[in-house]
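S.K.: Please work out how this folds:
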Amino acid sequence: HKDSVLATIYSRCQEIRFFPTQSADIYKGLLNNGTPRSLANELSRVSQGLPTLAERLARNQEFYETHKEEIKKTLNFVDANQLEQLRITEAIAEKFGNNKNEWKSFLDNLANVLRDLLLFKLGQEQLTVNVFATEMFKKVADKKAVAELSKTMVAVFELKKLLSTNANLKMNIESAMLGI
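M.R.: Got it, this is the predicted structure:
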């Protein structure tokens, strides 16, 4: 990220962007490697344009099941009332402490869930990535307003920026979660 590099160094760098691989290409690659069609279809969307992630998920079913459970827990967090969200946040804060990698993973999952909820609200279900929990997403999306989901998404991205600072991570995340 350009913000994590000194301006004098960044000015001498060339930025190279890597764009996500198309889901159809990931799907074909998974099929060529022997992945069953239904799983290849699911993983081509879940991997969000990252073929190596799709391959890893296809090869390691336990890893994929853990990923799905984390997404479902995150969706339940979004669906919870504010008091329950605070309780969950406190439990997560105790578990993660100031471990930035753990917080990054949680915030990535939260952004992922919020993105899919927004897509459901906007009638763009075909663009969602968490196809393994479509019914759960539909139920939660029905309860949420687009403005609320958008506000939460902005807060998540602000929290992700905090990960690169020396701020008291645990305190800032707990405070931000109260606003979500």
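S.K.: quick one, helices of this protein?
M.R.: Here the chain has its helices, by DSSP state H, at 7-10, 23-32, 37-46, 51-59, 61-79, 82-96, 100-121, 134-143, 146-162, 169-179.
S.K.: Mind listing residues that contact the third one?
M.R.: Contacts with helix 37-46, where a contact means CB atoms under 8 Å, 6 or more residues apart in numbering, come from 23-24, 26-27, 30-31, 35, 54, 57-58, 64, 67, 128-132. C-betas here are computed from N, CA, C, even on glycine.
S.K.: ok, 7 Å please
M.R.: 23, 26-27, 30-31, 54, 57-58, 129-132 (CB atoms under 7 Å, 6 or more residues apart in numbering).
S.K.: Pull out the buried positions in stretch 120-136.
M.R.: Across stretch 120-136, burial judged by 16 or more other CB atoms under 10 Å covers 120-121, 128-133, 136.
S.K.: now stretch 33-51
M.R.: 35, 39-49, 51.
S.K.: I'd like the distance between residue 54 and residue 129.
M.R.: 11 Å (CB to CB, to the nearest Å).
S.K.: would you list the buried residues of stretch 33-51 in CSV and tack on pLDDT and distance to residue 92?
M.R.: CSV is the format used below for the buried residues of stretch 33-51 (pLDDT from 0 to 100; distance: CB to CB, whole Å):
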residue, pLDDT, distance to residue 92
35, 94, 33
39, 93, 30
40, 94, 33
41, 92, 32
42, 92, 27
43, 94, 27
44, 94, 30
45, 92, 27
46, 91, 23
47, 92, 25
48, 89, 23
49, 92, 27
51, 94, 30
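S.K.: what would those residues look like in CSV with distance to residue 171?
M.R.: As requested, those are arranged in CSV below (distance: CB to CB, whole Å):
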residue, distance to residue 171
35, 44
39, 42
40, 43
41, 43
42, 38
43, 38
44, 40
45, 36
46, 33
47, 34
48, 31
49, 34
51, 38
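S.K.: Nearest to residue 105 among the residues you listed?
M.R.: Set against residue 105, the nearest of the buried residues of stretch 33-51 by CB to CB is residue 48 (14.2 Å).
S.K.: Let me know whether the closest one touches residue 130 as I believe.
M.R.: No. Residue 48 lies out of contact with residue 130 (CB atoms under 7 Å); the separation is 10.0 Å.
S.K.: Much appreciated, bye for now.
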